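Engineer: sequence and predicted model, in that order:
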Number of protein chains: 2
Amino acid sequence: MTDGTSYPQDGGAVSVLVVDDHPVVRAGLLALLSVQPGLRVVGEAGDGEEAVQLAHELAPDVILCDLRLGEGPDGVDVTRAVRASGADRAPAVLILTTYDHDADLVRAVEAGAAGYLLKDAAPTAIVSAIEASARGETLFGPELTERVVATMRVRRAELSARELEVLRLVADGLSNREVARTLFVSEATVKTHLNHVFGKLGADSRTGAVATARAAGLLD
Amino acid sequence: MTDGTSYPQDGGAVSVLVVDDHPVVRAGLLALLSVQPGLRVVGEAGDGEEAVQLAHELAPDVILCDLRLGEGPDGVDVTRAVRASGADRAPAVLILTTYDHDADLVRAVEAGAAGYLLKDAAPTAIVSAIEASARGETLFGPELTERVVATMRVRRAELSARELEVLRLVADGLSNREVARTLFVSEATVKTHLNHVFGKLGADSRTGAVATARAAGLLD
DNA sequence: CCCGACCTCAACCCTTCGGTTGATCCGTGC
DNA sequence: GCACGGATCAACCGAAGGGTTGAGGTCGGG
């Protein structure tokens, strides 16, 4: 991604690495940020692996990273990899997301993201968020925090891997018997898992559980 | 023009109106398209009303329009308004969408859209799509057509207003009794509606019906 | 005017689901 | 070792969901 394009040098500016799998969005961020005097886009990546590699090579101040990156590692993985690299000045990771109800947002924050932005945010908001995170500040969107907290609440009632597996199949419309056959377990086991899910999600029916799980972003 | 065929004027460049509610995406499209020799971006809009107004004022060859535009009219409404204006050379509308399984896509095509693009499409694909639609061609994505056809099939099995109303409540996790109370009808009526839904969607359970309806984009 | 589509409701029957209790087995961690 | 949580299963029961038939009402189009 850094092949033919050359990025200007500038000692005092905040260096930014732009990561997004959509070429259009990448171009848009590039266009918006490149005209900002205090910022300097030093590179761009279209997937998670490229992002991590460029993060090491370029050591930017801030990484502006989409949460979902198509195939392979996502924004959470990138965040974890960058923050866990143990560098003295690990880049601050600013997560971009389309949906404010994304459950992965919580995972991103837990992984060490400095903050998150909605994709329809105003350009000025994006710029100030980048500058803030470059100063080491952790920022949270205004009305988003409550949503994250709400999601946290559901997340705290962590579903086990098996429970989530069952719930996904139920969400696809399978009956208990079909789920049992799919997972090679007895119908009783499926019912037990589902009862645990009901308790954890505060639901009292399969459709109710699917509804709240979907609202919390546990499915997708 | 004795043969009745009309080609874009003004030095051969195709005039484009960019419509998207996300400033970032608008900037990206602008950046990508403005460097194309055969294209000329004559305007941009951030919502549906602005788009329709600018479409009349600027009379562009092509309108590149996001399907979802936040509040107010969406891409389908814009398409309908522009195509139904009865102008001699109504602009071709090219719909942008994030999801290839969007049921509104069908509505957009029915409303007279020239084609549709995924937002993660390559810049070259976007450019060639714009040029093709400027020539009056109707284009469909390669693997997307089958999805649209599949959606069409479900859409043909049109749900009545009441059936859809019941299904939405079921999708929210309500029981038959709760749905009945919400809609001020008897539980028997709810069951009847649901049975009709099952038949039309080819499902055999409430969760199954919700799953297929969601896959077809009937909910949202 | 009658037909069809939609909305409404009832009675019946069978299946599935939801709730409970209790049990075994296997890992992880103190 | 023991406790704990997760995964697995069994048996049971009442409640809810699903399937069928039948029937009454309204409304718009041929």
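Structural biologist: Here it is on my side, so go on.

Engineer: show me which residues of chain A sit near chain B.
Structural biologist: Applying CB under 8 Å from any CB of the partner chain, one finds that chain A approaches chain B through A:21-32, A:70, A:98, A:119-123, A:126, A:170-175, A:203, A:205-212. Quick note: C-beta positions are derived from backbone N, CA and C, even for glycine.

Engineer: what subset of these is buried?
Structural biologist: The neighbour count (16 or more other CB atoms under 10 Å in any protein chain shown) marks A:21-32, A:119-121, A:123, A:126, A:170-175, A:203, A:205-212 as buried among the residues of chain A next to chain B.

Engineer: what about stretch A:209-220, start to end distance?
Structural biologist: One end of stretch A:209-220 sits 14 Å from the other (CA to CA, to the nearest Å).

Engineer: now it: average pLDDT?
Structural biologist: For stretch A:209-220, mean pLDDT rounds to 83.

Engineer: quick one: name whatever helix or strand follows the helix or strand of chain A with the lowest mean pLDDT.
Structural biologist: Across the helices and strands of chain A, mean pLDDT, DSSP states H and E gives its lowest value to helix A:144-156, namely a mean of 50. Proceeding N to C from helix A:144-156, the next assigned helix or strand is helix A:161-171, under DSSP states H and E.

Engineer: is it true that A:Gly136 touches A:Ala92?
Structural biologist: Yes - counting by CB atoms under 8 Å, A:Ala92 is a contact partner of A:Gly136 at 7.1 Å.

Engineer: between the two, who's got more neighbours?
Structural biologist: Taking other CB atoms under 10 Å in any protein chain shown, A:Gly136 and A:Ala92 do not tie; A:Ala92 has more neighbours (27 against 10).

Engineer: enumerate every residue touching the more buried one.
Structural biologist: Taking CB atoms under 8 Å, 6 or more residues apart in numbering or on different chains as the criterion, A:Ala92 is in contact with A:Asp61, A:Val62, A:Ile63, A:Ala114, A:Ser133, A:Ala134, A:Gly136.

Engineer: among the residues of chain A next to chain B, which ones lie close to DNA strand D?
Structural biologist: Near DNA strand D, taking CB under 7 Å from any atom of the strand as the test, the members of these found are A:Ser205.

Engineer: the residues of chain A next to chain B in helices, which ones?
Structural biologist: The members of the residues of chain A next to chain B that map onto helices under DSSP state H are A:23-32, A:123, A:126, A:170-171, A:206-212.

Engineer: if we check DNA strand C, which of those residues are in contact?
Structural biologist: Answer for those near DNA strand C (CB under 7 Å from any atom of the strand): A:Arg206, A:Thr207.

Engineer: can you give me the end-to-end span of stretch A:35-43?
Structural biologist: Using CA to CA, the two ends of stretch A:35-43 sit 15 Å apart.

Engineer: next, the buried residues of it.
Structural biologist: Within stretch A:35-43, the residues that count as buried by 16+ other CB under 10 Å are A:Gln36, A:Leu39, A:Arg40, A:Val41, A:Val42, A:Gly43.

Engineer: center of chain A, which residue is that?
Structural biologist: The centroid of chain A falls nearest to A:Leu67 when counting by CA atoms, centre = their mean (3.4 Å).

Engineer: quick one: that residue and A:Val93 touch, right?
Structural biologist: No - counting by CB under 8 Å, A:Val93 is not a contact partner of A:Leu67; they are 10.7 Å apart.

Engineer: shared neighbours, those two?
Structural biologist: What both A:Leu67 and A:Val93 touch, as defined by CB under 8 Å, 6+ apart, is the set A:Gly75, A:Ala108.

Engineer: strands of chain A, start to end?
Structural biologist: A:14-19, A:39-45, A:62-66, A:92-97, A:115-118 (DSSP state E).

Engineer: can you pull the domain assignment for chain A?
Structural biologist: Here the domain parsing of chain A from automatic domain parsing is A:14-149, A:158-215.

Engineer: can you pull out the low-pLDDT segments for chain A?
Structural biologist: A:1-12, A:85-88, A:99-107, A:109-110, A:139-158 (pLDDT under 70).

Engineer: would you mind listing what in chain A touches DNA strand D?
Structural biologist: Residues of chain A found near DNA strand D (CB under 7 Å from any atom of the strand) are A:158, A:160-163, A:180, A:183, A:185-186, A:188-189, A:191-193, A:205.

Engineer: which residue, other than its chain neighbours, is closest to A:Gly72?
Structural biologist: Residue nearest to A:Gly72 in three dimensions, not counting chain neighbours: A:Gly48, with 5.1 Å by CB to CB, 6 or more residues apart in numbering or on different chains.

Engineer: isn't that neighbour right up against A:Asp74?
Structural biologist: Yes - A:Gly48 is within contact range of A:Asp74, at 6.2 Å (criterion: CB under 8 Å).

Engineer: grab the CA positions of stretch A:47-57 and hand them over as CSV.
Structural biologist: Written as CSV, here are the backbone C-alpha positions of stretch A:47-57 (Å, rounded to 0.1, in the frame of the first residue of the first chain):
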residue,chain,number,x,y,z
ASP,A,47,-6.2,-5.3,6.1
GLY,A,48,-5.1,-6.3,9.6
GLU,A,49,-1.8,-8.0,8.8
GLU,A,50,-0.6,-5.1,6.7
ALA,A,51,-1.7,-2.8,9.5
VAL,A,52,0.4,-4.5,12.2
GLN,A,53,3.4,-4.7,9.9
LEU,A,54,3.2,-1.0,9.0
ALA,A,55,2.7,-0.1,12.6
HIS,A,56,6.0,-1.6,13.4
GLU,A,57,7.8,-0.2,10.4
